[in-house]
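Visitor: sequence first, predicted model second:
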Amino acid sequence: VQPKIVLAQRDGRWHRVAGGYPSTHIIKPSLTAHPTVIGDEEYGWRLARALGLADYRVELTAFAELPALVIERFDRGAGGERLHQEDFNQALGAAGDVKYQEVGGAVTLRRIAETVRRRCPRPELIQLARQVVLCCAIGNLDMHAKNLGLMHLPDQTTLLAPAYDMVPMAQHRNADGRLTLTVD
């Protein structure tokens, strides 16, 4: 839906990544069809950060005069090494568009919450609930199983991934107002 490019920032300069070199940032350029989306996402991230649901950096900038959202990778360690992030499509054995509850019904918030309860320390279930409340409050209609995930840390701890792709969308002209995962 939204084009992205991964880049590595080293010594204040941007570099393309190749040959398995780990990226440090995800860049989302402005969309002609939806020019407010990157600003909307930056706003959603600021709310998530203020609520303690995200601790990575995000900024609006431009590349060759093209507005873009620059998102620091939260799945990297202090030395730039990859950390294992598993989205809930993977965790629940779903594939492709099954990330939406309406497609097959295999992915639900109930199953996601049960997985968090089984695999993570108790405070992570509360963090999941807080992420769901934020999504509902800001009209993030695209909270699907690939936009929620788990972090598998080197010390064998499993935590809920920070909030990401928190995009207020309910106000968009073509939005149908329906969440991709049912809340009840």
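Guide: Received the coordinates, thanks.
Visitor: longest helix anywhere in the chain?
Guide: For the chain, the helix that runs over the most residues, judged by DSSP state H, is helix 122-138.
Visitor: run through who's touching that one.
Guide: 44, 47-48, 51, 53, 109, 112-113, 116-117, 140, 143, 148, 159-160, 163, 166, 168, 170, 179, 183 (C-beta atoms under 8 Å, 6 or more residues apart in numbering). Just so you know, the C-beta spots here come from the backbone N, C-alpha and C atoms, and that holds for glycine as well.
Visitor: does Gln101 touch Arg110 like I think?
Guide: No - Gln101 is not in contact with Arg110 according to C-beta atoms under 8 Å; the separation is 10.0 Å.
Visitor: neighbour count for the two, which is higher?
Guide: Gln101 (19 against 11; other C-beta atoms under 10 Å).
Visitor: what's the helix or strand for the more buried one?
Guide: Per DSSP states H and E: Gln101 is located in neither a helix nor a strand.
Visitor: need the pLDDT of it.
Guide: At Gln101, the model reports a pLDDT of 88.
Visitor: quick check: closest non-adjacent residue to it.
Guide: If the residues on either side of it in the chain are set aside, Gln101 comes closest to Leu181, at 5.1 Å by C-beta to C-beta, 6 or more residues apart in numbering.
Visitor: can you count the residues close to that neighbour?
Guide: Around Leu181 there are 24 residues (other C-beta under 10 Å).
Visitor: how about the most centrally placed residue in the chain, secondary structure?
Guide: Centroid check for the chain by C-alpha atoms, centre = their mean gives Tyr164 as the closest residue, at 2.6 Å. Under DSSP: H, G, I helix; E, B strand; the rest coil, the three-state class of Tyr164 is coil.
Visitor: can you check what pLDDT the model gives it?
Guide: At Tyr164, pLDDT is 95.
Visitor: that one: what's it in contact with?
Guide: Trp45, Ala54, Ile71, Phe74, Asn147.
Visitor: closest to Ile26 out of those?
Guide: Ile71 (4.5 Å; C-beta to C-beta).
Visitor: pLDDT on the longest helix of the chain, on average?
Guide: For helix 122-138, mean pLDDT rounds to 97.
Visitor: buried sites along it?
Guide: Burial within helix 122-138, assessed by neighbour count using 16 or more other C-beta atoms under 10 Å, is assigned to Glu124, Leu125, Gln127, Leu128, Arg130, Gln131, Val132, Leu134, Cys135, Ile138.
Visitor: now do the first one against Arg49, distance only.
Guide: Summarising the geometry, the distance separating Glu124 from Arg49, computed by C-beta to C-beta, to the nearest Å, is 18 Å.
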